[in-house]
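Engineer: sequence first, predicted coordinates after that:
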Amino acid sequence: MQRYRAMLLMYRDQSKAIEARHQEEVNKVRIEAKLEFLEEFLEECEEDERVRAGPCRSQASSCSDSAVLRSLRSDL
């Protein structure tokens with residue numbers, strides 16, 4: 001009886017570990033999707049600003065936005 005109880009505990013622990021890993025992967029995919037959306041959104045905003053303001057628009061903000069996104073991606 002003890003043997004089966006130990007096996008049950010082992011399977012339960014293994015199942016919990018698999019569920020936790022799956023949840024981490026789901027969260028990572030969600031974060032990556034949000035970052036991808038932000039990158040596309042910022043690119044569109046930059047294009048809109050260039051069209052409205054002309055070629056002399058400051059590019060410092062776009063560089064800093066890109067740097068922030070790169071640092072967020074590297075944290076994953």
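Structural biologist: Arrived safely, thanks for sending.
Engineer: quick one, phi psi at Arg30?
Structural biologist: Geometry field for Arg30 lists phi and psi as phi -60, psi -50, criterion degrees, to the nearest 10.
Engineer: for it, give its distance to Phe37.
Structural biologist: Taken as C-beta to C-beta, to the nearest Å, the spacing of Arg30 relative to Phe37 amounts to 11 Å. The way it works is simple: take the backbone N, C-alpha and C, and place the C-beta from them, glycine included.
Engineer: Met10 too?
Structural biologist: Here Met10 is placed at a distance of 41 Å from Phe37 (C-beta to C-beta).
Engineer: for the protein, what helix or strand is lowest in average pLDDT?
Structural biologist: helix 60-75 (a mean of 63; mean pLDDT, DSSP states H and E).
Engineer: Glu39: neighbour count?
Structural biologist: By the other C-beta atoms under 10 Å criterion, the neighbourhood of Glu39 contains 16 residues.
Engineer: give me the distance from the helix or strand hosting it to the chain's centre.
Structural biologist: Taking DSSP states H and E as the definition, one finds Glu39 inside helix 2-53. Taking the mean C-alpha point of helix 2-53 and that of its whole chain, the gap between them comes to 7 Å (C-alpha atoms, centre = their mean, to the nearest Å).
Engineer: distance of Leu38 relative to Glu32?
Structural biologist: Taking C-beta to C-beta as the measure, Leu38 falls 11 Å from Glu32.
Engineer: most remote residue from the chain's center?
Structural biologist: Met1 (46.0 Å; C-alpha atoms, centre = their mean).
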